[in-house]
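J.: Need coordinates for the following:
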Amino acid sequence: MRHGKKFNHLGRTKSHRKAMLSNMACSLIEHKRINTTLAKAKALRGFVEPLITKSKNDSTHSRRVVFSYLNSKHIVSELFREIAPKVADRPGGYTRIIKTGNRLGDNAEMCMMELVDFNEIYVSEAKVEKKKTRRRRSGGASATKAETTEVETKAETPKTEEPKAENTDEAPADKKD
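T.: Numbers count the residues shown, from 1 in each chain. Purely as a prediction, here's the structure:
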């Protein structure tokens, strides 16, 4: 019985799956974007995101741990040198999966997997960020402070109304010919 077994084996043995995910992670780190099937991309996301998180701490131990997964000195140095500084402030979610349709041969769902901070289209739009606020249940001190400042601004601004013109048939006095 397979109760509680939620790991996708991708139709491969453990050694084959490990080698395939390592190669795909190296390609993703090197090219910043790869095209693959949706199932492989979801498996790769669980493989590569912990490695990117580990690369934020640039120490000998973390480099050796990442190297044990990727087996490529060039890719490890690129991960720690280029990718880690860009994702330093991001608390996770380093990859994006975009579905691209079905493959002609076997109708498999295809997708494009990319590193989030290396897409210039989304990054340029994302620079206009608002201040992040926490949504809380209770009003707290911040809500009462905002209400008091709103009341003060309403009290400070006097209400002035402009007199309306009673005769709309006549031309205004300043616009004479």
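J.: low pLDDT regions in this structure?
T.: 123-131, 139-177 (pLDDT under 70).
J.: Of all the residues in stretch 108-123, which ones are buried?
T.: 110-111, 113-118 (16 or more other CB atoms under 10 Å). No exception for glycine: its C-beta is placed from N, CA and C like everyone else's.
J.: wait, stretch 83-102
T.: Within stretch 83-102, judged by 16+ other CB under 10 Å, the buried ones are 83-84, 87, 94-96.
J.: Kindly export that stretch (C-alpha atoms) in CSV.
T.: Presented in CSV, the C-alpha positions along stretch 83-102 are these (Å, rounded to 0.1, in the frame of the first residue of the first chain):
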residue,chain,number,x,y,z
ILE,A,83,22.3,34.6,-7.7
ALA,A,84,22.7,34.7,-3.9
PRO,A,85,23.1,38.5,-3.7
LYS,A,86,20.1,39.1,-5.9
VAL,A,87,17.8,36.9,-3.8
ALA,A,88,19.2,38.0,-0.4
ASP,A,89,16.1,39.9,0.7
ARG,A,90,13.6,37.4,-0.7
PRO,A,91,12.2,35.0,1.9
GLY,A,92,11.6,32.1,-0.5
GLY,A,93,9.8,31.5,-3.8
TYR,A,94,12.9,31.9,-6.0
THR,A,95,11.5,30.1,-9.0
ARG,A,96,8.5,30.8,-11.2
ILE,A,97,6.7,28.1,-13.3
ILE,A,98,4.8,29.4,-16.4
LYS,A,99,2.7,26.8,-18.3
THR,A,100,3.3,26.9,-22.1
GLY,A,101,0.8,24.3,-23.3
ASN,A,102,1.1,20.6,-24.3
